[in-house]
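[1] below are the sequence and a predicted model; questions follow.
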Amino acid sequence: MKKICVIGLGYIGLPTAAIFARAGYDIVGVDVSERVVNSLNKGIVTIEEAGLPELVKEAVEKGKLRASLTPEEADVFIIAVPTPIHEDYTANVDYVINATKAIVPFVKKGDVVIVESTIPPRTMDDVVAPILQEAGLDVQNDIFLAHCPERVLPGRILIELIENTRIVGGTTPVAAKKAADVYRAIVTGDVIETEALTAEMSKLMENTFRDVNIALANELAKISAKLGVNAHHVIELANKHPRVNIHQPGPGVGGHCLAVDPYFIVEKARNESVLIKLSRDINNSMPEFVVEKIEELTVQIEKPKIAVLGLTYKGNIDDVRESPAIEIYQLLANNPRFETVAHDPHVQQDQVAFPLLSLEDALHDANVAVVLADHNEFKTLNSQYVASKMKTPVVFDTKNCTNLDNDYLTLYKIGDLSGLKPIQL
Ligand code: SAJ
């Protein structure tokens, strides 16, 4: 086994391709975007991920990694394309279908075909396998088809791709073994073989577990605001129990994983997925909760200026997909009562449809600064500096990440809102 064809050069496909290239495999990465293909062939990476630019540059220079718009013959095919969600919250598996169809002419007897994209339960058996089967490939005997869900955390992808346990679900036991062996070449964690449906469900339940637990924390934040208790202290103390791990409340749950994957389960077992659906609703309600609190704070100000600090779905990344911060910005910007400005040191102007300001310009004469991402830059914000720029120095930290000093400004946190008072001019 020498050559691997990776379809989809995004947040998962590209690092995966680069790691296999470093391990000595010949990699051709395939993407539908000419921009991505051209940059990669120059050794340039178009996404922000720690260590990735250096790794890709080296692999391209050594001739181990190159990009193409079309697939090629290979020993292993890895499909790592997005599975977005339709407006009705059902999964859009079109990219997986298209990628599978695209590799059909190049797959030969003995090849391993792996889907890493997150997919609804039964997609391998009901969607992917039939496409290959209908093209004349015997998925029971001739090729080895498996689902190996990616499980890496953005920001730690290169470490987690190697160290995390991998679950490999084969459409047959032999396929599971063959696909698992592919990963054993690069993974230091365990590589566990199972069947496709179990792999699909385990991946979805990992993110659902987190989403449900965050919903519990967000509900606690709302309850705490009502009862006059500090949710951050409550969580800290409850988590001293050896079997309790309440997650952190925030402005909502974003990203293309936690905010999406639970719906893939709901779609297939609607009546049974009551808690999973309710948790999604609770997390989806957080942007409005944040905006309501900003309204309460600024009720006595004529045209309050709100500085939105952070637009990504979490800290220290450049990803604004499904970001609750973007939703909060839009809710504020669509309300003519507010003057809304935004700053994010990790986001480029072409990623968003509204102007991005420097920190200084965003804070200038602002009435409220609302922190929506736990970027390192915000953890180290200087209280005197922030207070000196703002008209009324009030910071609403929805990520409980700042280390600001109440002597210079008024600081509210998402889990500690009981003392919230309208700003007096
Ligand atoms: N969040 C909270 N409170 C918390 C933890 C997270 O509000 O206590 C929010 C974050 O701010 C963010 C969202 O949840 O908006 C998701 O962030 P995350 O760091 O939990 O996860 P992702 O979406 O970046 O990556 C997840 C990971 N899954 C798990 O940790 C179970 C990752 O390992 C998966 O590979 C990834 O989903 C994926 O691709 O499925």
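    Great, that's in hand.

[2] count of residues packed around Glu160?
    Glu160 has 16 neighbouring residues, counting by other CB atoms under 10 Å. Yep, even glycine has a C-beta here, placed from its N, CA and C like the rest.

[3] try Leu52
    Neighbours of Leu52 under the rule other CB under 10 Å: 18.

[4] how about it: what's its closest non-neighbour residue?
    Spatial nearest neighbour of Leu52, excluding adjacent residues (CB to CB, 6 or more residues apart in numbering): Val45 at 5.3 Å.

[5] near the ligand, which residues of the chain?
    Neighbours of the ligand within the chain, by CB under 6 Å from any ligand atom: 118, 150-154, 206-207, 210, 214, 247-248, 250, 253-255, 257-258, 313-314.

[6] please pick the buried ones from those residues.
    118, 150-152, 154, 206-207, 210, 214, 247-248, 250, 253-255, 257-258, 313-314 (16 or more other CB atoms under 10 Å).

[7] so the residue nearest to Leu52: helix, strand or coil?
    coil (DSSP: H, G, I helix; E, B strand; the rest coil).

[8] now do it, the pLDDT please.
    pLDDT recorded at Val45 is 94.

[9] hang on, it packs against Pro15?
    No. With contact defined as CB atoms under 8 Å, Val45 and Pro15 do not form a contacting pair (9.5 Å).

[10] of those two, give the one with the bigger neighbour count.
    Neighbour count, other CB under 10 Å: between Val45 and Pro15, Pro15 has more, with 25 against 20.

[11] for the strand or helix carrying the more buried one, what is the distance to the chain centroid?
    In this structure, Pro15 is located in helix 13-22 according to DSSP states H and E. Centroid separation for helix 13-22 versus its chain: 19 Å, with CA atoms, centre = their mean, to the nearest Å.

[12] before we move on, what about stretch 70-88?
    The answer for stretch 70-88 is 17 Å, by CA atoms, centre = their mean.

[13] repeat for stretch 234-253
    Taking the mean of its C-alpha atoms, stretch 234-253 sits 21 Å from the chain's own mean (CA atoms, centre = their mean).

[14] now do it, average pLDDT.
    Mean predicted confidence for stretch 234-253 is 98.

[15] list the buried ones in that stretch?
    Using 16+ other CB under 10 Å as the test for burial, stretch 234-253 gives 234-235, 246-253.

[16] same deal with stretch 37-48?
    Those would be 37, 39-40, 45, 47-48, for stretch 37-48 by 16+ other CB under 10 Å.

[17] could you dump those into a markdown table with distance to Tyr95 added?
    A markdown table is the format used below for the buried residues of stretch 37-48 (distance: CB to CB, whole Å):
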| residue | distance to Tyr95 |
| --- | --- |
| Val37 | 16 |
| Ser39 | 20 |
| Leu40 | 18 |
| Val45 | 21 |
| Ile47 | 17 |
| Glu48 | 22 |
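
[18] helices of the stretch 51-200 of the chain, start to end?
    52-61, 94-103, 123, 129-134, 157-163, 173-184, 196-227 (DSSP state H, counting those that start in this stretch).

[19] kindly report the same for the stretch 301-425 of the chain.
    324-333, 359-363, 376-379, 383-389.

[20] indicate which one of these is closest to Ser33.
    Closest approach to Ser33 among those (CB to CB): helix 324-333, 22.0 Å.

[21] who touches Val299 in this structure?
    Pro422 (CB atoms under 8 Å, 6 or more residues apart in numbering).

[22] got the phi and psi for it?
    phi -60, psi -30 (degrees, to the nearest 10).

[23] still on that earlier bit, winner for burial among the helices of the stretch 301-425 of the chain?
    With neighbours defined as mean count of other CB atoms under 10 Å, the helices of the stretch 301-425 of the chain peak in mean count at helix 324-333, which reaches a mean of 22.

[24] by contact count, what packs against it?
    Counting by 3 or more CB pairs under 8 Å, 6 or more residues apart in numbering; DSSP states H and E, the packing neighbours recorded for helix 324-333 are helix 286-297, strand 305-309, strand 339-343.

[25] angle of that helix against strand 305-309?
    170 degrees (axes from the mean of the first three to the mean of the last three CA atoms, to 10 degrees).
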